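> turn this into a model:
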Amino acid sequence: MRIAIIGQQDFGKAVLEAMLGRGDTVAGVFCAPEQPGTRPDPLRAAAQDRNVALHQLPSLKTDEACKALRALDVDLGVMAYVLQFVPQAFATVPRHGMIQYHPSLLPHYRGPSSINWPIIRGDVLTGLTIFRPTDGLDEGPVILQKQTPIGPDDTLGSVYFDRLFPMGVAALQEAADLVVSGNGNEIIQDEAQASYVGWCRGPEARINWHNHVDLVYNLIRGCNPAPGAWTTHDGKKLYIFDARKHPARRYSQVNGKPGAVTAIEGQSVLVATQGGQIELVRAKYDTGKKLPASQVCTEAGVEVGAVLGA
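The predicted structure is shown next:
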């Protein structure tokens, strides 16, 4: 089939390579312009390397964008990690319209950071949806869905890079075939089941050591590797990435008030919280590098008895 890819970053690049690899014609790529000082967009670079027509437009809501897409004469538009708003005037240009990837089981977790929040909230199941884009936020008819479990120690990185990323690339190919062949079965989303989430950024990633150990651990998992759960020491941020959970039932007692460093052992640091302790395995202090937690804390002057986040 003849397609246009609208997207960016590594996921967009992977979709481009997969479509080309199976023999589809990628007539053009629409990729958001890079911000000054940021790394080159992998999708943009891949399109240029393969001599695919590239459009980097500041907005897809213009006549210029519609004209550029129309000139490509494509069967389908494939949206692979798109942060720009795609209006219906643009989405309906291809002969079979467009399909879009979203990393949640819609209508649950509409909006950004839809991988972080299920982990942070302790869900045991997530997935992906390929759907028709509309002017509403992730509200279009569903073409197909795929599920994947969230294990008790899964992180944002493991759920996305190990599963939702490769599953999404394959699902977009499957959905493209269904739509262009006329065999797709589109299901309207149940608005009564809909939920919306915003960005998981710095303010949302701050650790409250007074929360239960399960909630603290889920926050750390759901923010690893980005944006990175954090606490403070001596007025600076201490980011926590890899960690382990130790419920209080494994100890005769938990010494120290919430946030107190109870031990520095080997490469790890133990911190008290409600109902147990969190073992910090890998961390970063302020603008430093990610290192073993004990090394980071030693260099930051964190000692046993120090209270983080105070």
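> rest of the way, CA atoms for contacts and neighbours
OK.
> okay, how far is it across stretch 16-34, tip to tip?
18 Å (Cα to Cα, to the nearest Å).
> tell me the mean pLDDT over it?
The average pLDDT for stretch 16-34 rounds to 97.
> so how far is that stretch from its chain's centroid?
On the basis of Cα atoms, centre = their mean, to the nearest Å, stretch 16-34 sits 21 Å off its chain's mean C-alpha point.
> may I see the buried residues of that stretch?
Buried residues in stretch 16-34, defined by neighbour count with 16 or more other Cα atoms under 10 Å: Leu16, Glu17, Ala18, Met19, Thr25, Val26, Ala27, Gly28, Val29, Phe30, Cys31, Ala32.
> over to stretch 1-20?
Quick answer for stretch 1-20 (16+ other Cα under 10 Å): 2-19.
> which regions of this structure sit below the pLDDT cut-off?
Along the chain, segments meeting pLDDT under 70 span 249-254.
> helices of that one, start to end?
9-21, 42-49, 63-72, 88-91, 116-120, 156-159, 165-181, 213-222, 293-300 (DSSP state H).
> mind giving me the packing neighbours of the longest one?
Counting contacts by 3 or more Cα pairs under 8 Å, 6 or more residues apart in numbering; DSSP states H and E, helix 165-181 is packed against helix 9-21, strand 76-80, strand 98-102, strand 125-131, strand 142-149.
> could you list the residues in contact with stretch 69-81?
Applying Cα atoms under 8 Å, 6 or more residues apart in numbering, the set of residues contacting stretch 69-81 from outside is 1-9, 11-12, 15, 27-28, 90-91, 93-102, 172, 176, 180.
> now the end-to-end length of that stretch.
18 Å.
> number of nearby residues for Arg39?
9 (other Cα atoms under 10 Å).
> in stretch 81-90, which residues are buried?
Tyr81, Val82, Gln84, Val86, Pro87, Phe90.
> no, scratch that, I was asking about stretch 174-191
Ala175, Ala176, Val179, Gly184, Gln189.
> report the buried residues of stretch 198-218.
Buried residues in stretch 198-218 (16+ other Cα under 10 Å): 200, 205-209, 212-218.
> first-to-last residue distance for it?
With Cα to Cα, one end of stretch 198-218 sits 17 Å from the other.
> same question for stretch 297-310.
OK, stretch 297-310 end separation, Cα to Cα: 16 Å.
> do the same with stretch 257-269
15 Å.
> in contact with Thr126, which residues?
Ser104, Leu105, Ile115, Pro118, Gln147, Thr148, Pro149, Ile150.
> likewise Glu303?
Applying Cα under 8 Å, 6+ apart, the residues near Glu303 are Val261, Ile264, Cys297.
> can you add neighbour count and distance to Ala45 and give those residues back as JSON lines?
Formatted as JSON lines, the contacts of Glu303 follow (neighbours: other Cα atoms under 10 Å; distance: Cα to Cα, whole Å):
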{"residue": "Val261", "neighbour count": "24", "distance to Ala45": "46"}
{"residue": "Ile264", "neighbour count": "20", "distance to Ala45": "45"}
{"residue": "Cys297", "neighbour count": "23", "distance to Ala45": "39"}
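> for Ser195, state which of these is nearest.
Val261 (37.3 Å; Cα to Cα).
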